[in-house]
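A.B. asks: Sharing a model that was predicted from the sequence below.
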Amino acid sequence: MADTYPSSSLATQLALDIRRYIAQAGLLPGARLPERSLADHFRVSRSPIRAALGQLETQGLIARQPEGGFTVREIPLSDPVQPQRLESDEEAAYLQIARDRLDKQLPEKITENELMRRYGLTKSQLSSILRRMANEGWIERLPGHGWTFLPALTSAAAYTQSYRFRVLMEPAAILEPTYQLDRAELLRCRDEQRALVEGAVFTVLPDQIFDANTRLHECITNSSGNMFIADALRRLNRVRRLIEYRKAVDREQAHRRCVEHLKLIELLLADEREAAADFIRMHLRDAAREKASIAS
């Protein structure tokens, strides 16, 4: 995986992105920060991630562990990174672009100048938004000039089908003979889910809930050892992200699902895979019924 920026500037940018990531996910002190997972999340190699983590260690935001790796430290009250992210002008513009894309108000191909004029953004703001959209997988840069939007789920019928597909796929992933649990990543996901259950689910933005839940489900399928199952869920999550933004968020339902996530994680940690497969099947079917009842 090739990096497209000089390592020093990329590491500095990644350090800022990881700080934001820690805040958005509501990670608690002691939460693990695996290099491989961060590299996959930000779509870079592990070398600049390692450099970025070194910068954050120097800043006192994270701590190096004797056995290797890093964990989140207690964040001082004066630290600019807060555990919750309020909706800024940049965030509002990002969500408006998502809504306009779903409503087919934006062409498939568009330039940065067009986006800046349409949404009243500075070049710096737009660069941040485009980087986020590209990381999330629903836009990519065209060779030479401009950007193109990638396919996304836009209909209720397709959304329902996506859940039916997951009901078939995710329990099967757990039962694969090549299944090997990524324990470090699952423990990090458990930290995120605990933070949501303990109250963050009622205060964070909807995309933060989506990202935390997506990381957990992808951790489970990635552990299957089956590249086709893992890739299928990653692709599906990219195209369903925008329609998730459109749906109203029932915080009580979201809280209940996070409680179920913690139960699922404990089953996996105990290596009770058949019980975990049955549980995730029920979890996904119930979630599909609940979300289908919420107007798009």
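C.D. replies: It's in.
A.B. asks: Quick one: residues contacting the closest residue to residue 94 other than its chain neighbours.
C.D. replies: Closest residue to residue 94 apart from its sequence neighbours, by C-beta to C-beta, 6 or more residues apart in numbering: residue 129 at 5.0 Å. In short, each C-beta sits where N, CA and C put it, glycine included. Residues near residue 129 by C-beta atoms under 8 Å, 6 or more residues apart in numbering: 90, 93-94, 97, 121.
A.B. asks: Pick the one among the residues you listed closest to residue 160.
C.D. replies: Closest approach between these and residue 160, by C-beta to C-beta: residue 97, at 25.1 Å.
A.B. asks: That closest one reaches residue 106, doesn't it?
C.D. replies: Yes: with contact defined as C-beta atoms under 8 Å, residue 97 and residue 106 form a contacting pair (7.2 Å).
A.B. asks: Who has more neighbours out of these two?
C.D. replies: Using other C-beta atoms under 10 Å, the more surrounded residue of residue 97 and residue 106 is residue 97, with 25 against 17.
A.B. asks: Where does that one sit, in terms of helix or strand?
C.D. replies: Here residue 97 sits within helix 89-102, counting by DSSP states H and E.
A.B. asks: Heading C-terminal from that helix, find the next helix or strand.
C.D. replies: Taking DSSP H and E, what comes next after helix 89-102 is strand 109-110.
A.B. asks: name the helices or strands packed onto that following strand?
C.D. replies: strand 147-149 (3 or more C-beta pairs under 8 Å, 6 or more residues apart in numbering; DSSP states H and E).
A.B. asks: Output the contacting helices and strands for the strand it packs on.
C.D. replies: Using 3+ C-beta pairs under 8 Å, 6+ apart: strand 147-149 touches strand 109-110, strand 139-141.
A.B. asks: make it 7 Å
C.D. replies: Packing partners of strand 147-149 (3 or more C-beta pairs under 7 Å, 6 or more residues apart in numbering; DSSP states H and E): strand 139-141.
A.B. asks: avg pLDDT for the strand it packs on?
C.D. replies: Here strand 139-141 scores 89 as its mean pLDDT.
A.B. asks: Pairing partners for that strand, with directions?
C.D. replies: strand 147-149 (antiparallel) (DSSP bridges).
A.B. asks: quick one: low-confidence ranges for the stretch 101-250 of the chain?
C.D. replies: Applying pLDDT under 70 to the stretch 101-250 of the chain flags residues 152-155, 245-248.
A.B. asks: now the helices: where do they sit in it?
C.D. replies: In the stretch 101-250 of the chain, the segments counted as helices under DSSP state H, counting those that start in this stretch are 112-119, 123-136, 156-174, 183-197, 206-222, 227-246.
A.B. asks: Save those as JSON lines, and put in distance to residue 22 too.
C.D. replies: Putting the helices of the stretch 101-250 of the chain into JSON lines (distance: least, C-beta to C-beta, whole Å) gives the following:
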{"stretch": "helix 112-119", "distance to residue 22": "27"}
{"stretch": "helix 123-136", "distance to residue 22": "16"}
{"stretch": "helix 156-174", "distance to residue 22": "27"}
{"stretch": "helix 183-197", "distance to residue 22": "10"}
{"stretch": "helix 206-222", "distance to residue 22": "12"}
{"stretch": "helix 227-246", "distance to residue 22": "21"}
